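Visitor: Generate a structure from the sequence data that follows.
(one chain, ligands or ions: 1)
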Amino acid sequence: MNFFLGEEQLHWQSLACTFAQERVQPLAREMDEAGQMPHTLIEEMATRGFLGGTIPKAWGGSGMDALSLALVYEELGRVCSSVRGFMTVHTSLVMQCINQWGNDEQKQRYLPLMARGELIGCYALTEPDAGSDAASIQTTARSEGGLGYALNGEKIWITNGNIARIAIVFARLHTLQEKKQHEQITAFLVPLNAAEDAGIKRTRMPGEPLGHRASDHAHIVFNDCFIGHEMVLGGEGMGFKVAMSALDHGRLGVAAGAVGVHQACLDACIQFAKERKQFGKPIGDFEMIQSTIAEMKASLDAARLLVYRSAWMKDQGLSTKLETSIAKYFATNAAVKAASEAVLLHGARGYSNEYPVERYYRDIKGLQIYEGTEHIQKIVIAKELLR
Ligand code: COS
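Guide: Okay, the predicted model is just below:
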């Protein structure tokens, strides 16, 4: 067993750390308040090779290993979950999915543009009545005289959905209606060229989210949206497997992002515990504060090791369904606890946006929910053990 990072992993970690601290951190609070992130940040992530992630260089990607990509997510997550979330959806959910399931023509057409940040991707699975129960989606695809398909339905909470130019959309194929529920689902690559694409209406999700306020969350309605035959991703009826395998990649990105938030909470607490004086001495001299910091560090190390194990296994070509769900379950829960303790340790200051722990506390709850809630991760873990 080797716990040291390799040269390439250290390179990506350092590049991401510098970018996150110098370019993202100064904007994080402003982006949270404005409810959006500047497009220049996306361009800068592309220039540095982050968006190309693990996609092979032959398809315009950066050819990173999975652990390097996790380190990039961790560094971004340390400063801003919205920016990290943008990239996890674009690179892990969408690009890795096209790389895994796409044919050469689809890969050539989309991956180089996406690695350069010229085409943003989104992943459209969730619907008003299909969240955790992903196989029950109601969006339909009707065959159109052998030419292609007409999509009808509604998708919600689609991250990057308004800025995206390509979506992976999951729909139930009419011609497969005799099959089992999940075997009817088909994945489609849907170009989103302009706000008024024929048969597609995109709007911002109503309401103000608790966290991830700089993220773009869309409500997308398909109304007889025509898609050509060549846009099927992975084959008719393969959509549920496409969706689940994409979530395998995405969930690792979320878990790595949670480790970043957790680290940020610990850093903030250590600094505050040294600076803040009560009863005539720094609060870090009190055992209850020390206990909080010690527990935060122990759970951080455990979460990080679980994330690195899953990434390392991916790099060995092993199946990581179980390990990724364990990592997501543990890392997000541990970070939720750390963020809650961080707000408490900062007292009234932690309860206002004067200090960033308030944002970490709001953001981290989202990581425990999206790309499969804590309960879903436990279902996946138990099913893998009991089958
Ligand atoms: N990769 C590839 N295929 C997979 C897979 C994966 N990670 N996980 C499951 N599959 C396949 C299975 O092999 C099975 O195929 P067969 O029909 O050939 O046997 C099929 O998918 C059904 O698998 P399973 O029986 O495990 O699915 P369930 O219906 O029991 O559902 C849960 C499993 C609940 C775990 C799934 O619906 C889920 O993850 N839901 C959460 C969805 C989610 O995360 N939503 C968040 C919003 S998206 S950002």
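
Visitor: What parts of this protein come near the ligand?
Guide: 125-126, 131-132, 134-135, 182, 240-241, 244-245, 247-248, 321, 370-372, 376, 379-380, 383 (Cβ under 6 Å from any ligand atom). Yep, even glycine has a C-beta here, placed from its N, CA and C like the rest.

Visitor: Buried members of these into PyMOL, please.
Guide: One line in PyMOL is enough to select the buried ones among those; burial here means 16 or more other Cβ atoms under 10 Å:
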select buried, resi 125+126+131+134+135+182+240+241+244+245+247+248+321+370+371+372+376+380
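
Visitor: The residues of the chain next to the ligand in helices, which ones?
Guide: Mapping the residues of the chain next to the ligand onto helices (DSSP state H) picks out 240-241, 244-245, 247-248, 321, 376, 379-380, 383.

Visitor: Could I get the residues you listed in JSON lines, plus columns for pLDDT?
Guide: Listed next are those as JSON lines, based on pLDDT from 0 to 100:
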{"residue": "240", "pLDDT": "98"}
{"residue": "241", "pLDDT": "98"}
{"residue": "244", "pLDDT": "97"}
{"residue": "245", "pLDDT": "96"}
{"residue": "247", "pLDDT": "97"}
{"residue": "248", "pLDDT": "95"}
{"residue": "321", "pLDDT": "96"}
{"residue": "376", "pLDDT": "98"}
{"residue": "379", "pLDDT": "98"}
{"residue": "380", "pLDDT": "98"}
{"residue": "383", "pLDDT": "97"}
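
Visitor: Adding distance to residue 165 as columns, could you present these in a markdown table?
Guide: As requested, those are exported to a markdown table (distance: Cβ to Cβ, whole Å):
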| residue | distance to residue 165 |
| --- | --- |
| 240 | 25 |
| 241 | 25 |
| 244 | 25 |
| 245 | 23 |
| 247 | 22 |
| 248 | 25 |
| 321 | 30 |
| 376 | 29 |
| 379 | 34 |
| 380 | 32 |
| 383 | 36 |
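
Visitor: which of those residues lies closest to residue 26?
Guide: Nearest to residue 26, judged by Cβ to Cβ, of these is residue 247 at 32.6 Å.

Visitor: how near is the residue nearest to the closest one when sequence neighbours are not counted to residue 277?
Guide: Spatial nearest neighbour of residue 247, excluding adjacent residues (Cβ to Cβ, 6 or more residues apart in numbering): residue 371 at 5.8 Å. Distance from residue 371 to residue 277, counting by Cβ to Cβ, to the nearest Å: 42 Å.

Visitor: cool, and residue 349?
Guide: For residue 349 relative to residue 277 (Cβ to Cβ), the value is 13 Å.

Visitor: Can you name the residue of the stretch 51-200 of the chain nearest the ligand?
Guide: residue 134 (4.0 Å; Cβ to the nearest ligand atom).

Visitor: Correct me if wrong: that residue contacts residue 243.
Guide: Yes: using Cβ atoms under 8 Å, residue 134 makes contact with residue 243 at a distance of 6.1 Å.

Visitor: Find residues that contact each of these two.
Guide: Shared contacts of residue 134 and residue 243 (Cβ atoms under 8 Å, 6 or more residues apart in numbering): 125, 170.
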